[in-house]
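Chemist: Make a model of this:
(chains A, B, C, D, E and F)
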There are 4 protein chains.
Amino acid sequence: MPLISAQPSSTPLASDAGNDLRSLILAASRDLLLAEGVDGLSMRKIAHKIGYSPTALYLHFPHKDAILHAHLDEGLGMLHRTLEEALAAVDAADTDARLRALAETYVRWGEANPARYEVMFLLHPRHMERYPPEKFRMARRTLDLFSDVLVEAGFAAEVARVAGSAAWAQLHGFVALQIARRFDVRLPADALRQTVVDSVVRGALAAR
Amino acid sequence: MPLISAQPSSTPLASDAGNDLRSLILAASRDLLLAEGVDGLSMRKIAHKIGYSPTALYLHFPHKDAILHAHLDEGLGMLHRTLEEALAAVDAADTDARLRALAETYVRWGEANPARYEVMFLLHPRHMERYPPEKFRMARRTLDLFSDVLVEAGFAAEVARVAGSAAWAQLHGFVALQIARRFDVRLPADALRQTVVDSVVRGALAAR
Amino acid sequence: MPLISAQPSSTPLASDAGNDLRSLILAASRDLLLAEGVDGLSMRKIAHKIGYSPTALYLHFPHKDAILHAHLDEGLGMLHRTLEEALAAVDAADTDARLRALAETYVRWGEANPARYEVMFLLHPRHMERYPPEKFRMARRTLDLFSDVLVEAGFAAEVARVAGSAAWAQLHGFVALQIARRFDVRLPADALRQTVVDSVVRGALAAR
Amino acid sequence: MPLISAQPSSTPLASDAGNDLRSLILAASRDLLLAEGVDGLSMRKIAHKIGYSPTALYLHFPHKDAILHAHLDEGLGMLHRTLEEALAAVDAADTDARLRALAETYVRWGEANPARYEVMFLLHPRHMERYPPEKFRMARRTLDLFSDVLVEAGFAAEVARVAGSAAWAQLHGFVALQIARRFDVRLPADALRQTVVDSVVRGALAAR
DNA sequence: GATGAATGAGCGTTCATTCAT
DNA sequence: AATGAATGAACGCTCATTCAT
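Modeler: Numbers count the residues shown, from 1 in each chain, chains lettered A, B, ... in the order given. Next up, the predicted model:
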């Protein structure tokens, strides 16, 4: 099981590299995002947190949403690479194992990167208006990994798309509630995750 | 002028029937919630919509979040009753059918009540800080319906709790993404829902 | 020669009557307008000047431009009434005298009400976007007084409109430069005004 | 790289010919001035337009107003020369023709150079605070052309100064309203201009 | 039961300008 | 000659909330 680190300041997307303030902004906004949610994020708070004036943020991002977009880009890139690495480590012929790797890795990445996950999948569309469409298309490709595995496994394309989306949705539910701390704290998180992943894998392959 | 300032939570569905101010507030805020989302809700807008001054709202709710909480209560009540009715209509011995009824009803209710669902399950924890703990506990009981059915079906209590929560989480994922319109519009919604429900039911019972 | 007071706080347009804060806002903004021009006017400055918080202004005006519009309304009303009164005091058959009264009164009013005049005739169109169109039409009627007098004097309508607008423009030039203090301070203001008025009257009637 | 950092005010018309930075700044700011008016002019916009950093502008101008002042100088120079050329083309003995040439040329120049005209004659005094007094005096000399013609025509100096300023003011009114597009669009612009010019010439000579 | 008057905090953003390099 | 980094001040405006009446 790969260990997904929550502090990728070492080699994130290279987007943080070489530029001090930019990294500071992203780190601070990530914290704020996590602590107060998207609505709680403000240019002023970020600036205050890093000890700069609010204007300084505009030297690196044209507007507030661009900061969210940067998290999105970063998150999508990370998630995509993480999922592909997970796939690469599994026998290409073992559909069950591949799907399981995908599911488990997805969920664990979400749990380990809650702020990024929130920006990626819980953001209100209003903030996405200025997001470049070509990046948007790329974003969807990550989710296609679920369908792809099913297609490789012999599913009809149409069926695979539905089943893949369904699998994603089910996993997302777990991550979203986990991030929002909506589960009873007494529930064993590992068992819960395992149950969800099992269910998703079994459900997806049942369509065969 | 009828005096129904404190609508009992037992009949929340009728809470809008009267034209007392409290009901007006709830009705107006529900509309706003639906139209503009949680972020688009403001005391001023509510007040303006019903032709009262913003101050008037504070006669019936101590603060803004309390209005959200009222919707939460109402939504929980509605959902609980809806789920129970669905269960009542199904052969008590047919676990698969019962679970399926629960799952399908839950999902459909969420899709049909997006504003309420958002308040109930997608609200940032910050808005929940002042929510009365005893209500919070009661809220969880609705979700226990999933575990309950599994217990009836012979699952060990501990297993049922985990499996029930897992089932809920997976269904939640679908509803959340549906409400946020995150699915590719070309996907057939019915097939997607069916796939998720099937998967969840199969997954839950597999633990048997 | 009528004496046009610069402090009409007694009976302006009734718009200042009965409402304390609203009047304060208008008075303060008039001062600021005069001292710093339209660009120098800000909600914060007005608020600070009258010792209120900036938010308080929004209790009486929906937005900043509405304050400018109020000055405009007030100014247009005042000017219109002032001009009509001046006309009423002159022999209806004496075209020269009527035109002269109009011209002289216009110029003197502008000199006596520089802040209002600036808002009325020197405002950038950008601030007028939200101005009610019906008021806009009414505004033009004031300037039609010049043409009207010429029509009464027997000019063809078409000629009168051009000559009337020309007369207004010439007078406006004097007022605008006077307000902006563009004239050499050593020039005798009275003689200058007299010369302009004479020229305008003579010019307008020459078209006969 | 040519070193022409300080363009002499004697040849402002050619100030844009070189491609040194100063000229670039003036050219860009002129465009912006024309497109967005004085308020729409900002150091950042100028810098962005010419592909330099905002700081670079301060190597050639001590502050923003100095850029406006440069346009003012340039405009004054242009106008002065244009008027003198117009005078030179007219019989030196024909006062009426000389005055008419002056008036018509002035008005047409203003209409043809709205951005410059705005900077020269419609700028709020605030922007003029740092304008060198000696230039200010020189500026007035252009307007003295009106008086000069009248003096040549035999007017007493004192009378000529008043009549000259009055003539200028009236012409200015037409230009100002024309630039601000304050005239009813249905009015024939040519007839209007002609009427104003006739009136001004007749008015000025009447003082004889 | 309801309001009018008012506020303090905060928002995203733009601006002219400075200063070390 | 030119820049990159940064700032303080200001902007219009919205918000939840309070308080005296």
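
Chemist: Report how many residues lie close to A:V197.
Modeler: The local packing of A:V197 (other CB atoms under 10 Å in any protein chain shown) involves 26 other residues. C-beta coordinates here come from the backbone N, C-alpha and C atoms, glycine included.

Chemist: A:E74: neighbouring residues, count only.
Modeler: 22.

Chemist: Would you confirm that it contacts A:L26?
Modeler: Yes: counting by CB atoms under 8 Å, A:L26 is a contact partner of A:E74 at 7.4 Å.

Chemist: biggest helix in chain A, by residue count?
Modeler: helix A:64-88 (DSSP state H).

Chemist: Quick one: classify the residue nearest the centre of chain A as helix, strand or coil.
Modeler: Of all residues in chain A, the one closest to the mean position by CA atoms, centre = their mean is A:Y117, 4.1 Å from it. Secondary structure state of A:Y117, per DSSP: H, G, I helix; E, B strand; the rest coil, is helix.

Chemist: tell me the contacts of the residue in chain A sticking out farthest from the centre?
Modeler: Centroid-distance maximum for chain A: A:S53 at 30.0 Å, with CA atoms, centre = their mean. Shown in contact with A:S53 (CB atoms under 8 Å, 6 or more residues apart in numbering or on different chains): A:A47.

Chemist: got it, and A:P62?
Modeler: Contact analysis of A:P62 by CB under 8 Å, 6+ apart lists nothing.

Chemist: per the record, what domains does chain A have?
Modeler: A:14-61, A:64-206 (automatic domain parsing).

Chemist: Alongside DNA strand F, which residues does chain A contribute?
Modeler: Residues of chain A lying close to DNA strand F (CB under 7 Å from any atom of the strand) are A:20-21, A:51-56, A:58-59.

Chemist: Tell me where chain A is predicted with low confidence.
Modeler: Within chain A, the set of residues satisfying pLDDT under 70 comprises A:1-19, A:207-208.

Chemist: ok, 50 please
Modeler: Filtered on pLDDT under 50, chain A yields the residue ranges A:1-18.

Chemist: count of residues packed around the residue of chain A found nearest chain D?
Modeler: Using CB to the nearest CB, the single residue of chain A nearest to chain D is A:Y58, 10.9 Å away. A:Y58 is flanked by 14 other residues according to other CB under 10 Å.

Chemist: Next: the one 3 residues further on.
Modeler: Each residue near A:F61 was counted by other CB under 10 Å, and the total is 19.

Chemist: need the contact list for it.
Modeler: A:25, A:67, A:70.

Chemist: Need the residues that contact stretch A:34-42.
Modeler: So stretch A:34-42 is contacted by A:29, A:32-33, A:64, A:67-68, A:114-115, A:118-119, A:122-124, A:127, B:39, B:124-126 (CB under 8 Å, 6+ apart).

Chemist: now do 7 Å
Modeler: Stretch A:34-42 is touched from outside by A:29, A:32-33, A:114-115, A:118, A:123-124, B:39, B:124, B:126, with contacts defined as CB atoms under 7 Å, 6 or more residues apart in numbering or on different chains.

Chemist: Next, the buried residues of that stretch.
Modeler: By 16 or more other CB atoms under 10 Å in any protein chain shown, the buried positions in stretch A:34-42 come out as A:34, A:37-38, A:41.

Chemist: Do any residues in it lie close to DNA strand E?
Modeler: Yes: with CB under 7 Å from any atom of the strand as the measure, stretch A:34-42 is seen reaching DNA strand E through A:41-42.

Chemist: Can you get me the start-to-end distance on that stretch?
Modeler: 13 Å (CA to CA, to the nearest Å).

Chemist: Next: stretch A:104-119.
Modeler: 20 Å.

Chemist: just how off-centre is that stretch within its chain?
Modeler: 5 Å (CA atoms, centre = their mean, to the nearest Å).

Chemist: Please apply the same query to stretch A:178-197.
Modeler: 18 Å.

Chemist: Which residues does that stretch contact?
Modeler: A:100, A:103-104, A:107, A:111, A:114, A:117-118, A:170-171, A:174, A:177, B:125, B:140, B:161-163, B:165-166, B:169-170, B:207.

Chemist: Run a quick neighbour tally on A:G110.
Modeler: A:G110: 24 neighbours (other CB under 10 Å).

Chemist: quick revisit: list the ones among the contacts of stretch A:178-197 that fall in helices.
Modeler: A:100, A:103-104, A:107, A:111, A:114, A:117-118, A:170-171, A:174, A:177, B:140, B:161-163, B:165-166, B:169-170.

Chemist: Pull out the buried residues from those residues.
Modeler: A:100, A:103-104, A:107, A:111, A:114, A:117-118, A:170-171, A:174, A:177, B:161-163, B:165-166, B:169-170.

Chemist: Near DNA strand E, list only the ones from those residues.
Modeler: Okay, of those, nothing touches DNA strand E (CB under 7 Å from any atom of the strand).

Chemist: Point out the residues in chain A that sit beside chain B.
Modeler: A:36-37, A:39-40, A:121, A:124, A:161-163, A:165-166, A:169-174, A:176-177, A:180-181, A:183-184, A:187-188, A:191-192, A:195-196, A:198-200, A:202-203, A:206-207 (CB under 7 Å from any CB of the partner chain).

Chemist: for the residue of chain A found nearest DNA strand E, phi and psi?
Modeler: For chain A, the residue closest to DNA strand E is A:S42, as judged by CB to the nearest atom of the strand, at 2.9 Å. When read as degrees, to the nearest 10, the backbone of A:S42 gives phi -140, psi 150.

Chemist: any idea how far it is from chain C?
Modeler: 19 Å (CB to the nearest CB, to the nearest Å).

Chemist: chain center to stretch A:175-190, what's the gap?
Modeler: 17 Å.

Chemist: got the end-to-end distance for that stretch?
Modeler: 13 Å.

Chemist: What residues of it count as buried?
Modeler: Buried residues in stretch A:175-190 (16+ other CB under 10 Å): A:175-180, A:182-183.

Chemist: Now render those residues as JSON lines, adding distance to D:D148.
Modeler: Shown next, in JSON lines, are the buried residues of stretch A:175-190 (distance: CB to CB, whole Å):
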{"residue": "A:V175", "distance to D:D148": "84"}
{"residue": "A:A176", "distance to D:D148": "82"}
{"residue": "A:L177", "distance to D:D148": "86"}
{"residue": "A:Q178", "distance to D:D148": "86"}
{"residue": "A:I179", "distance to D:D148": "81"}
{"residue": "A:A180", "distance to D:D148": "82"}
{"residue": "A:R182", "distance to D:D148": "86"}
{"residue": "A:F183", "distance to D:D148": "91"}
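
Chemist: between the residues you listed, which is nearest chain C?
Modeler: Nearest to chain C among the buried residues of stretch A:175-190, with distances taken as CB to the nearest CB, is A:A180, at 34.0 Å.

Chemist: which SS class is A:G154?
Modeler: coil.

Chemist: for it, phi and psi?
Modeler: phi 100, psi 0.

Chemist: Same question for A:G51.
Modeler: According to degrees, to the nearest 10, A:G51 has phi 70, psi 30.

Chemist: Quick check: the gap between it and B:F155.
Modeler: 54 Å (CB to CB, to the nearest Å).

Chemist: And for A:A47?
Modeler: Taking CB to CB, one finds A:A47 at 53 Å from B:F155.

Chemist: Look at those two and report which has more neighbours.
Modeler: B:F155 (21 against 18).

Chemist: could I get the domains of chain A as CSV with distance to C:F146?
Modeler: Putting the domains of chain A into CSV (distance: least, CB to CB, whole Å) gives the following:
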stretch, distance to C:F146
domain A:14-61, 51
domain A:64-206, 50
